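> need a structure here:
(chains A and B)
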Protein chains: 2
Amino acid sequence: MSVLEGINSKALKTGDLPPPSPSPNTFRIYSMRFCPAAQRALIYASVKKIPSEVININLQQKPDWYFTKNYKGQVPTLEHAEGKKLVIESAVIPEYLDDIFPETKILPSDPYEKVQQKLLLERLSDQLTPAFGRVFRAIKNPEELKEKFESILKAFEEAESLLEGAFYSGTSSPGFVDYLIYPSFQRVYWLTFLLEIFPLPSDNFPGPGYPKLSQWFKAITAIPEVAAASQSTENGVGSCKEYMKGLPYFDYGL
Amino acid sequence: MSVLEGINSKALKTGDLPPPSPSPNTFRIYSMRFCPAAQRALIYASVKKIPSEVININLQQKPDWYFTKNYKGQVPTLEHAEGKKLVIESAVIPEYLDDIFPETKILPSDPYEKVQQKLLLERLSDQLTPAFGRVFRAIKNPEELKEKFESILKAFEEAESLLEGAFYSGTSSPGFVDYLIYPSFQRVYWLTFLLEIFPLPSDNFPGPGYPKLSQWFKAITAIPEVAAASQSTENGVGSCKEYMKGLPYFDYGL
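Coordinates of the predicted model:
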């Protein structure tokens, strides 16, 4: 059973009252069902089996009180200790969860191995995140779109070359980088269903040009704790379609 | 005496041979004398009293071999263990130095206090770094410049409001945030000598509108270990003038 209570709750929006502070031993994650950054925190909590209450936020009509939780108004935000502790940023919350729950530590204890994982995540994100953003913003313009595909392919080539073993963690099981970068790859996977001209296949994604990445994507997708923290392909693709039509998509599929 | 050997060595450029790998117990920091990011690593090493060898890099004519140390070609890079260990990124190297030299740890041990320091640094940097960049790029255009001053002043107002005690570390002595954000404030201080119309004074910088920050800047500037890792105002201002004229400035004052 998932430890993420309310992962599919409706998004709170302007005018909605704030939820009461979490009780002493409850962890709360402010999220948005289709946000890849928030998904990082959800995956980490799920893998570490930290029972968490998920509150979804409508990012187009943010409740005013949400800025007292996160001055940027972004997700994810982690809240605990009856609301007295707030931690933001998708690359920071997981390390914090490792620090406070060292018995299920995912990051390596060795300082050099740990810092290399953090830097590798940043390296992959620095390529993938803007590449996906460029494609997504150009989605209604076929001419511009083809050009933007190049940056996706370049990011995938680099990601393939940086994957030395089965996992980015460098060990026989997934680690920090694998869990945190997965949402970015999953977003590109959704694009394969949205765009007929997309240069990567849905089948055995990202396809024969990327043998290591294809194995990797299949392995991560199959992990039950990752699946429990992720939206289905159907909902993911459907929410993107709504977004493209300019419709509210936060509660898609509920 | 400073632990930073070679802090004022000439910058290596295209065609210059790479230095031999550092010996077993030597720490090396690739830097550029006027780079605020690299200065973070130098200050941290200085405060922690880690004897380090500084190699300066000409960032306009980078030696090819430097990309094997840092794939982005940026500074700082920390190299040790006879060249087998390389760590990049100005906000990451200091935490790594704390992890490998915990006896002189600057970041708090408590996970929540630690993560708050890291997030506060990011919050201050996210405002100050682009604000300084905007002014510096507009430096030859007085009309545009005045507009860009607004973002500096906004960043300083926020920085003043976020300074709750004497130091950003929240304790009676400087900490991680104080040491790492200082180079950004120092760059703005240099601007007060460069631009007659700059809205902040050199005297008791940043002046009476920012009483807490003025005390803070004075206190940090006076720390011998910080001074040993920083360039003089004369060199800093002089290097900016050369830069504005389009002249090479990396070895200014040597």
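> for A:Phe193, which residues are in contact?
A:202, A:233, A:237 (CB atoms under 8 Å, 6 or more residues apart in numbering or on different chains). All C-beta atoms are positioned from the backbone trio N, CA, C, and that covers glycine.
> chain neighbours aside, what residue packs nearest to A:Ser151?
Ranked by CB to CB, 6 or more residues apart in numbering or on different chains and with sequence neighbours excluded, the top spatial neighbour of A:Ser151 is A:Ala131, at 4.0 Å.
> how deep is the one you found tucked in, by neighbour count?
When neighbours are defined as other CB atoms under 10 Å in any protein chain shown, A:Ala131 has 21 of them.
> what about it, helix or strand, and which?
Using DSSP states H and E, A:Ala131 maps to helix A:111-137.
> from the chain's centre, how far out does the lowest-mean-pLDDT helix or strand in chain A sit?
Counting by mean pLDDT, DSSP states H and E, chain A has its least confident helix or strand at helix A:142-162, which shows a mean of 92. Offset of helix A:142-162 from its chain centre (CA atoms, centre = their mean, to the nearest Å): 19 Å.
> go through that helix and flag the buried ones.
Within helix A:142-162, the residues that count as buried by 16 or more other CB atoms under 10 Å in any protein chain shown are A:145, A:148-149, A:151-152, A:155-156, A:158-160.
> excluding chain neighbours, what is closest to the spatially most central residue of chain A?
Nearest to the mean C-alpha position of chain A, by CA atoms, centre = their mean, lies A:Pro36 at 2.9 Å. Sequence neighbours aside, A:Pro183 is the residue nearest to A:Pro36 in space, at 3.5 Å (criterion: CB to CB, 6+ apart).
> residues of chain A that sit close to chain B?
Chain A comes close to chain B at residues A:71, A:85, A:87-89, A:92, A:95-96, A:99-100, A:111-112, A:114-116, A:118-119, A:122-123, as judged by CB under 8 Å from any CB of the partner chain.
> just the buried residues of these.
Here, 16+ other CB under 10 Å leaves A:85, A:87-89, A:92, A:95-96, A:99-100, A:111-112, A:114-116, A:118-119, A:122-123 buried among the residues of chain A next to chain B.
> could you measure from A:Tyr44 over to B:Leu145?
Distance, A:Tyr44 to B:Leu145, using CB to CB, to the nearest Å: 45 Å.
> what does A:Lys105 give?
Going from A:Lys105 to B:Leu145 by CB to CB gives 50 Å.
> can you check A:Tyr112 too?
Distance, A:Tyr112 to B:Leu145, using CB to CB: 44 Å.
> what do you get for A:Glu82?
A:Glu82 sits 48 Å away from B:Leu145, going by CB to CB.
> pLDDT weak spots in the stretch 151-254 of chain A?
Filtered on pLDDT under 70, the stretch 151-254 of chain A yields no residues whatsoever.
> go with 90
A:170-171, A:195-197, A:243-248 (pLDDT under 90).
> where along it do the helices fall?
For the stretch 151-254 of chain A, applying DSSP state H, counting those that start in this stretch gives helices covering A:176-194, A:211-221, A:224-228, A:233-244.
> on that earlier part again, can you pick the most crowded of the contacts of A:Phe193?
Neighbour max across these (other CB under 10 Å) = A:Val237, 18 neighbours.
> the closest residue in space to that one that isn't next to it in sequence and A:Pro142, how far apart?
Once flanking residues are discounted, A:Val237 sits nearest to A:Phe193: 4.6 Å by CB to CB, 6+ apart. Using CB to CB, A:Phe193 is found at 17 Å from A:Pro142.
> check A:Lys105 too.
Note on A:Lys105: its distance to A:Pro142, by CB to CB, is 47 Å.
> and what of A:Phe185?
24 Å.
> mind checking the SS state of A:Leu78?
Three-state call for A:Leu78 (DSSP: H, G, I helix; E, B strand; the rest coil): strand.
> which residues touch the closest residue to chain B within the stretch 101-250 of chain A?
Closest to chain B within the stretch 101-250 of chain A is A:Pro111: 3.6 Å, counting by CB to the nearest CB. Listed by CB under 8 Å, 6+ apart, the contact partners of A:Pro111 are B:96, B:99-100.
> secondary structure element holding the nearest residue to it once chain neighbours are set aside?
Spatial nearest neighbour of A:Pro111, excluding adjacent residues (CB to CB, 6+ apart): B:Asp99 at 3.6 Å. Per DSSP H and E: B:Asp99 is located in helix B:93-100.
> any idea how far that helix is from the chain center?
16 Å.
> give me the angle between that helix and helix B:176-194.
Orientation check (axes from the mean of the first three to the mean of the last three CA atoms, to 10 degrees): helix B:93-100 against helix B:176-194 gives 150 degrees.
> can you tell me what sits against helix B:93-100?
For helix B:93-100, contacts defined as CB under 8 Å, 6+ apart pick out A:111-112, A:114-115, B:40-41, B:44-45, B:48, B:50, B:76, B:78, B:87, B:104-107, B:118, B:176, B:179-180.
> one more: stretch A:115-124?
The contact list for stretch A:115-124, computed with CB under 8 Å, 6+ apart, reads A:91, A:95, A:107-108, A:155, A:158-159, A:162, A:168-169, A:175-177, A:180-181, A:184, B:71, B:87-89, B:92, B:95-96, B:99.
> pLDDT of it, averaged?
For stretch A:115-124, mean pLDDT rounds to 98.
> A:Glu113 - how many residues pack around it?
For A:Glu113, the neighbour count with other CB under 10 Å is 14.
> quick check: pLDDT value at A:Met1.
With respect to pLDDT, A:Met1 has a value of 63.
> one more: the one 4 residues further on?
A:Glu5 carries a pLDDT score of 97 in this model.
> for it, phi and psi?
phi -70, psi 130 (degrees, to the nearest 10).
> list the contacts for it?
With CB under 8 Å, 6+ apart, A:Glu5 has these contacts: A:51-54.
> same question, A:Tyr182
By CB under 8 Å, 6+ apart, the residues touching A:Tyr182 are A:39, A:43, A:220-221, A:226, A:230.
> quick check: which element contains A:Arg28?
strand A:27-31.
> need the next SSE after that strand, C-terminal direction.
Remark: after strand A:27-31, the chain's next helix or strand is helix A:36-47, criterion DSSP H and E.
> and that next one, average pLDDT?
Across helix A:36-47, the average pLDDT comes to 98.
> which residues are contacting that helix?
Residues contacting helix A:36-47 (CB under 8 Å, 6+ apart): A:2-4, A:7, A:27, A:29-32, A:52, A:54, A:74-76, A:78, A:90-91, A:93-94, A:97, A:104, A:106, A:179-180, A:182-184, A:186-187, A:223, A:225-226, A:228-230.
> dump it to PDB, restricted to CA.
Only the C-alpha atoms of helix A:36-47 are listed here, as PDB (Å, rounded to 0.1, in the frame of the first residue of the first chain):
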ATOM      1  CA  PRO A  36       8.100  16.500 -12.100                       C
ATOM      2  CA  ALA A  37       9.800  18.400  -9.300                       C
ATOM      3  CA  ALA A  38       7.200  17.500  -6.700                       C
ATOM      4  CA  GLN A  39       7.300  13.900  -7.900                       C
ATOM      5  CA  ARG A  40      10.900  13.700  -6.700                       C
ATOM      6  CA  ALA A  41       9.800  14.300  -3.100                       C
ATOM      7  CA  LEU A  42       7.000  11.800  -3.500                       C
ATOM      8  CA  ILE A  43       9.200   9.100  -4.900                       C
ATOM      9  CA  TYR A  44      11.800   9.600  -2.100                       C
ATOM     10  CA  ALA A  45       9.100   9.400   0.600                       C
ATOM     11  CA  SER A  46       7.600   6.400  -1.000                       C
ATOM     12  CA  VAL A  47      10.900   4.500  -1.400                       C
END
